[in-house]
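In: can't give you the sequence, but here's the structure:
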Ligand code: ATP
Ligand code: MG
């Protein structure tokens, strides 16, 4: 009943007039806004412009969460904003915005945008699929609200009056836990296919259900993601993976048919019981770290997400008769080439990823000096964490992880007793080394 009523309120917002909501209903007091955002809004308003905190920050505050950052929307043009703030700079081409700096803090100020009029080519540019390549047509506040993606992201907060201006029923949608796109869903996804990924991320991160009409076109339009530049897809994937709800996001991506091409072969990995367990454990681990405010290494995460691909390639190459070590290197290159091309894992992460992978077989060697050398390796800690995930997923025996946990914590005497007896191939290598000087000496005797 209450949902029906809230739904009806949502549909009343077609007129372009906002519902202005007072603090007793939305609950956001001025002191919840960051000081840089407050100062920026106040200065813009004093100069005679409109200024609101907008987007994710308002959504998160209504949900009772701490916003990551504060974005500001205004009717001042970027040049006018630049004129008010000495410490500011203009950025972006697709969306021209101004960064205003306060000490080490920074807020993004964007000018209200509107729909393009005929003959505006140059300020608003689309590709052949309807994807917006540039969007710098200024508009009024109602138009700006309409070009935002979801109703819950189109809320404006005026800190001086402590009011929320709601043009599309976003507050009601938040209360009834609905994610609703603004406008005609298929057209909005064509303009920007990344909105499909954003739908999944916001639904998972805010615990919302995607509205039926918002959801319906996604499966059919999913292939449009292939036209999005790899760097932008990467940015969105990273936001998703570091949202603190990555496990839930990946589950929902699969459900919506959006995972193809984002994480190549992820669907194949997720169909192998061990692969799925490993990926889900890695994601849950990441989520726990994000929620505990611990640092996350994207290289570790990407190495985990693609590990079972490396394992599969490694096995195949070894089956061709290639020895284990060179086979692993070949497998890593094969997987990374594919991933950097399709998912746009930036090349800067690949050497860290390789290092994590290459260290894995070294955990099997528990004799002589080798465990001590591994312990001293600068990436030991990350590689050990990776090993523990492998144990937890059932890929390698738990005993191996336990051994390394004890070995690290043991004193020198205890470590010596833990070493496993030397194995065959090592002796062979030593023999060969001893022979070398004799062979080298032979020509000198000539
Ligand atoms: P978060 O920063 O927590 O991920 P957010 O909602 O702030 O979430 P941003 O990517 O920072 O997301 O974007 C800020 C605002 O800009 C959004 O709230 C939305 O109103 C608008 N926006 C962002 N991306 C799009 C898009 N692809 N299409 C339409 N509007 C968008
Ligand atoms: Mg944001």
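Out: Right, received. Where do you want to start? Keep in mind that this is a model prediction, so the values were computed, not measured. Ligands and ions are numbered 1, 2, ... in the order given.
In: C-terminal to the helix or strand where residue 404 lies, what's the next element?
Out: Taking DSSP states H and E as the definition, one finds residue 404 inside helix 398-409. Stepping forward along the backbone from helix 398-409, the first helix or strand reached (DSSP H and E) is helix 412-418.
In: list the buried ones in the helix or strand that contains residue 235?
Out: When elements are assigned from DSSP H and E, residue 235 belongs to helix 230-241. Of all the residues in helix 230-241, those buried under the rule 16 or more other CB atoms under 10 Å are 233-234, 236-238, 240-241. Quick note: C-beta positions are derived from backbone N, CA and C, even for glycine.
In: repeat for stretch 202-217
Out: For stretch 202-217, the neighbour count (16+ other CB under 10 Å) marks 202-206, 208, 210-211, 214-215, 217 as buried.
In: re earlier: what residues does the helix holding residue 404 touch?
Out: Outside of helix 398-409, the residues within contact range by CB atoms under 8 Å, 6 or more residues apart in numbering are 363-364, 366, 371, 375, 384, 387-388, 390-392, 415, 418.
In: Greatest separation within the residues you listed: which pair is it?
Out: When the contacts of helix 398-409 are compared pair by pair using CB to CB, the farthest-apart members prove to be 392 and 415, with a separation of 24.3 Å.
In: Close to ligand 1: what parts of this structure are there?
Out: Residues of the chain lying close to ligand 1 (CB under 6 Å from any ligand atom) are 55-56, 68, 71, 148-149, 153-154, 192, 194-195, 239.
In: Buried ones among those?
Out: Using 16+ other CB under 10 Å, the buried ones in the residues of the chain next to ligand 1 are 55-56, 71, 148-149, 153-154, 192, 194-195.
In: Now, those residues that are in helices?
Out: Secondary structure of these is defined by DSSP state H; positions in helices are 56, 194-195.
In: In a markdown table: those residues, plus distance to residue 255 and pLDDT.
Out: Shown next, in a markdown table, are these (distance: CB to CB, whole Å; pLDDT from 0 to 100):
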| residue | distance to residue 255 | pLDDT |
| --- | --- | --- |
| 56 | 24 | 95 |
| 194 | 18 | 94 |
| 195 | 17 | 96 |
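In: With respect to residue 315, which of these is nearest?
Out: Among those, residue 194 lies closest to residue 315 (CB to CB), at 35.5 Å.
In: now residue 247, what's its secondary structure?
Out: Secondary structure state of residue 247, per DSSP: H, G, I helix; E, B strand; the rest coil, is helix.
In: isn't it right next to residue 282, touching?
Out: No - Residue 247 is not in contact with residue 282 according to CB atoms under 8 Å; the separation is 9.0 Å.
In: ok, so of the buried ones among the residues of the chain next to ligand 1, who is nearest residue 114?
Out: For those, the nearest to residue 114 is residue 148 (12.1 Å; CB to CB).
In: Show the backbone phi and psi for the closest one.
Out: Main-chain dihedrals, residue 148, degrees, to the nearest 10: phi -70, psi 170.
In: In contact with the closest residue to it other than its chain neighbours, which residues?
Out: Setting aside the residues directly before and after it, residue 148 is nearest to residue 154 in space (CB to CB, 6 or more residues apart in numbering), at 4.1 Å. Applying CB under 8 Å, 6+ apart to residue 154 gives the contacts 55, 145-146, 148, 166-168, 170, 182.
In: Report the separation between residue 154 and residue 85.
Out: When distances are taken as CB to CB, to the nearest Å, residue 154 and residue 85 turn out to be 25 Å apart.
In: Now render the contacts of residue 154 as JSON lines, adding secondary structure and pLDDT.
Out: Putting the contacts of residue 154 into JSON lines (DSSP: H, G, I helix; E, B strand; the rest coil; pLDDT from 0 to 100) gives the following:
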{"residue": "55", "secondary structure": "coil", "pLDDT": "93"}
{"residue": "145", "secondary structure": "helix", "pLDDT": "97"}
{"residue": "146", "secondary structure": "helix", "pLDDT": "95"}
{"residue": "148", "secondary structure": "coil", "pLDDT": "95"}
{"residue": "166", "secondary structure": "strand", "pLDDT": "98"}
{"residue": "167", "secondary structure": "coil", "pLDDT": "97"}
{"residue": "168", "secondary structure": "coil", "pLDDT": "97"}
{"residue": "170", "secondary structure": "helix", "pLDDT": "97"}
{"residue": "182", "secondary structure": "coil", "pLDDT": "97"}
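In: Select only the buried ones of the residues you listed in PyMOL?
Out: The following PyMOL line selects those of these that are buried, judged by 16+ other CB under 10 Å:
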select buried, resi 55+145+146+148+166+167+168+170+182
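In: now the contacts of residue 154 as TSV including distance to residue 315?
Out: Compiled in TSV, those are given as follows (distance: CB to CB, whole Å):
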residue	distance to residue 315
55	47
145	54
146	53
148	48
166	56
167	56
168	52
170	50
182	49
